[in-house]
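> test case, fold it:
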Amino acid sequence: MERLIDLSKIDFYLNQFNLISYLNDDLINNCEIHTFKKGENICNLDEKVYYMYFLVKGKTKVSTLLSTGKSLLLCLSTPLEIIGDIEFMDNPLADCNVTALESCICLAFPLDKLEKYGYNDPLFLRFIITSLGKKLRNNSIYSSINMLYPLENRFASYILSLLPKDSNLNSSVEIESLTHLSELLGTSYRHLNRVINSLSSKNIIKKEKNSLTILNFQHLKSLAQDIFIKNK
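Model prediction:
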């Protein structure tokens, strides 16, 4: 993570997402910019959170750890996404892992400053409550996705989420080990391998050692349906 204090960039993102309507001057004066590289964790499950982040550029993967020790993908997030609002209202320990899928830029607000300048601000609290309400609704949707959507759809959505913008035919993505990927998608290694082999036999994807090449982008996109992307 790299910490920046760039007033012009802060002002740009505050205006881009109309955050000045919800943040008082004291909060804005304590705002920083934090940047995260691809693959870097923005927060870690059960570790103390010191900032509330507003994701203003990039894409993140949100996952949790089951009692079995396996990871489970919850959703993929794009701007504007708030990270740390649950911890601000409840307790300072992160309730999930948030990982940058590409270079990410976040507006960062120290939690101690939020408690001092935001806890009794009705406008700011209303904004946070709205964010929490969206997360509650989305969590119900994601639970249904993991239970009801076929693995082929969930796999396609996840693979496309790893692509840079404006990617299409013959784009390649690096993937985790199939064991880890099967855990994220809530399935078995064998089932995931069958899905990959099926898509490969139809010339939709081509699997290589640690990567996948997309041979039929439109077909994969029709399977994906952006089911893991949060609806704003």
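
> list the buried residues in the helix or strand hosting residue 222.
Taking DSSP states H and E as the criterion, residue 222 maps to helix 217-224. The neighbour-count check on helix 217-224 (16 or more other CB atoms under 10 Å) flags 217, 219, 220, 223, 224 as buried. Backbone N, C-alpha and C define where each C-beta goes, glycine included.

> what of stretch 93-106?
Residues of stretch 93-106 classed as buried: 94, 96, 97, 98, 99, 100, 101, 102, 104, 105, 106 (neighbour count, 16+ other CB under 10 Å).

> and which of those is nearest residue 77?
residue 98 (7.7 Å; CB to CB).

> looks to me like that closest one is in a helix.
No. Assessed with DSSP: H, G, I helix; E, B strand; the rest coil, residue 98 is strand; it does not lie in a helix.

> let's have the chain start at 8 instead
I'll keep to 8 as the first residue from here, and by that count the last item is residue 105.

> my read: it touches residue 52, true?
No. Assessed by CB atoms under 8 Å, residue 105 is found out of contact with residue 52, at 9.3 Å.

> domain ranges for the protein?
Recorded structural domains for the chain (assignment: automatic domain parsing) are 9-153, 156-231.

> dump those domains to a markdown table, plus mean pLDDT.
Below are the domains of the chain laid out as a markdown table (pLDDT from 0 to 100):
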| stretch | mean pLDDT |
| --- | --- |
| domain 9-153 | 89 |
| domain 156-231 | 85 |
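
> report how many residues lie close to residue 144.
Neighbourhood size, residue 144 [other CB atoms under 10 Å]: 10.

> skip ahead from the longest helix anywhere in the chain and say which helix or strand is next.
When the chain is parsed with DSSP state H, its longest helix is helix 129-155. Using DSSP H and E, the next helix or strand after helix 129-155 towards the C-terminus is helix 158-168.

> which outside residues touch that following helix?
66, 68, 80, 83, 108, 152-153, 180, 182, 188, 191-194, 198-199, 202-203, 205-206, 212, 219, 221, 227-228, 230-236 (CB atoms under 8 Å, 6 or more residues apart in numbering).
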